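Chemist: Here's my sequence, what's the structure:
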Amino acid sequence: MDSYFDKLKNNVLIKVSSFNAISVFAKMITGFISLKVVAIFLGPEGLALIGNLRNVLTSIQSVGTLGLYNGIVKYIAEFKSDKEETKSMLSTSYLLCFVITIVMSIWLYFFPTFWNNLVFGSSYQYNFVFKAIAIALPFYSVNTLCLAIINGYSKYKIYILLNIASSILGLLITVFLVWEYKLEGAFLAIIINPAVSLFLTILIILNKKDVFKFLPSNKISFKYVKRLSSFAIMALVSVTILPAILIRIRNFIITTEGIKEAGYWEAIQSISSQYMLFITTLLTIYLLPKLAEIKKSKDFRLEIINFYKTILPVFIVGFLIIYFLRNIIIKVLFSNEFIEMEPLFIWQLFGDLFKIASLVIAYQFLAKRMFWYYIITEIISFAFLYLASIYLINQFGFIGASMAYFFNYVFYFLLLIVVFRKSFFGPDKNI
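Modeler: Next comes the predicted model:
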């Protein structure tokens, strides 16, 4: 028995998970309070419009950093002992991101009507939102790349401390702006919060000499332009196509069912995004660097099994609790006005369970730069999600969107098992 607890005590995944849980708990609490404030002041209609902005902002922010976050983490983990190689890669990353961020900011600032019509439709006039994004984007890009450096060097405590501080500050900004300016304030809070996080990052980096030395020099390498481009394309496929699909699904619900029903669907997505923070941050700060270092298929298999055995039981228990307390959760997080979203829970929770199981495997695409496998499986999954959503919404109403989410991740999980069948079931080999 003692040896079992000693193993748990020395398990790096357990250590990182435990510390990460503190960060996620802080983010969840602040996120749920923000949801409550938005639900009270803006209702389902406001939540639906906010959902569209969140989706497009995710795409814009990722384009601004060229989706290089995972590539930076991978190469730092791989070459952390080679300072010159690391500096060359980081400097190249910063130069590429600087150029694309400036281009995106100019496009957003001088053509806000195009973006407004794309995201909200011509019946809404929120041009100021996209001018604000243009101003905030450079701050966000620098912050994201700084966090990638911290993560790549496995500075877990610093990374998680920044997440906690950013969550608390973001909550204060959100509550104040929604209280004062309602929907427009909520839009501004979503835009401002990621940019403000940069100042917290700088404060911590300046006080941590061992992190400050990892910042890039002016050494540019065309070798890394080519290597990082594949990561950029892989990331940008996800962060541009998926948000666009979610916006189209949400707008389809608005057209066929109503804006309130779109708000209910956005509400369940918002709940999901809060608890899924735990797994996404854990995959980024622990699993991606770990998979990047693995060279044998047997070790890959063992790492995935270890992750499933350690993490999945926790989520299964948590999902059962959420399901049986769903009515209370709706009333506490939102209001009685949202009670019609109750049937969405079962589909969303099962979908999230399969999403977790899928993501754990899919991170191997990023860790090993499996470019075409990643692109093809993502596009197949996105097409399945969109087509299933349209069909099921027509058949079952707005509930069909969550049903499609579940069926999509079952399909995606089975697709990944087929792709990695040799690693899971074949003899040990180099990967």
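Chemist: contacts, neighbours, all on C-alpha from now
Modeler: Will do.
Chemist: Give the other helices and strands that the one helix or strand residue 62 maps to contacts.
Modeler: Here residue 62, judged by DSSP states H and E, is contained in helix 12-64. Applying 3 or more Cα pairs under 8 Å, 6 or more residues apart in numbering; DSSP states H and E, one finds that helix 12-64 contacts helix 83-110, helix 112-119, helix 127-152, helix 156-206, helix 222-256, helix 259-282, helix 326-333.
Chemist: Compute the inter-axis angle for that helix and helix 127-152.
Modeler: Going by axes from the mean of the first three to the mean of the last three Cα atoms, to 10 degrees, helix 12-64 is angled at 140 degrees with respect to helix 127-152.
Chemist: Output the below-cut-off pLDDT ranges for the stretch 151-300 of the chain.
Modeler: Regions of the stretch 151-300 of the chain meeting the criterion pLDDT under 70 cover residues 151-156, 159, 205-220.
Chemist: Figure out how far the helix holding residue 62 is from the centre of its chain.
Modeler: Between the centre of helix 12-64 and the centre of its chain there are 9 Å (Cα atoms, centre = their mean, to the nearest Å).
Chemist: Could you give the average pLDDT over that helix?
Modeler: On average, the pLDDT along helix 12-64 is 81.
Chemist: Tell me the helix or strand right after the helix or strand harbouring residue 417.
Modeler: Element membership of residue 417 [criterion: DSSP H and E] is helix 399-419. Of the helices and strands lying after helix 399-419 in sequence (DSSP H and E), the nearest is helix 421-425.
Chemist: Touching stretch 98-107 from outside, list them.
Modeler: The contact list for stretch 98-107 (Cα atoms under 8 Å, 6 or more residues apart in numbering) reads 60, 63-66, 133-135, 137-138, 141.
Chemist: Buried residues of it, list them for me.
Modeler: 98, 100-102, 104-105, 107 (16 or more other Cα atoms under 10 Å).
Chemist: again with stretch 420-430
Modeler: Neighbour-count burial for stretch 420-430, counted by 16+ other Cα under 10 Å, picks out 420, 423-424.
Chemist: re earlier: residue 44 is nearest to which of the helices and strands packed on helix 12-64?
Modeler: Checking those against residue 44 by Cα to Cα gives helix 259-282 as the closest, at 4.1 Å.
Chemist: Does that closest one pack against any helices or strands, and if so which?
Modeler: Other helices and strands packing on helix 259-282, by 3+ Cα pairs under 8 Å, 6+ apart, are helix 12-64, helix 222-256, helix 344-367, helix 399-419.
Chemist: Packing partners of the shortest one?
Modeler: Going back to what we said before, that points to helix 399-419. helix 259-282, helix 344-367, helix 371-396.
Chemist: again, 7 Å this time
Modeler: helix 344-367, helix 371-396 (3 or more Cα pairs under 7 Å, 6 or more residues apart in numbering; DSSP states H and E).
Chemist: How far away from the center of its chain is the last one?
Modeler: This means helix 371-396. In terms of Cα atoms, centre = their mean, the centre of helix 371-396 is set 18 Å apart from its chain centre.
Chemist: Ok, the shortest one next?
Modeler: Between the mean C-alpha point of helix 344-367 and the mean C-alpha point of its chain there is a distance of 12 Å (Cα atoms, centre = their mean).
Chemist: who's in contact with that helix?
Modeler: For helix 344-367, contacts defined as Cα atoms under 7 Å, 6 or more residues apart in numbering pick out 74, 288, 291-292, 304, 319, 323, 374, 399, 402-403, 405-406, 409-410, 412-413.
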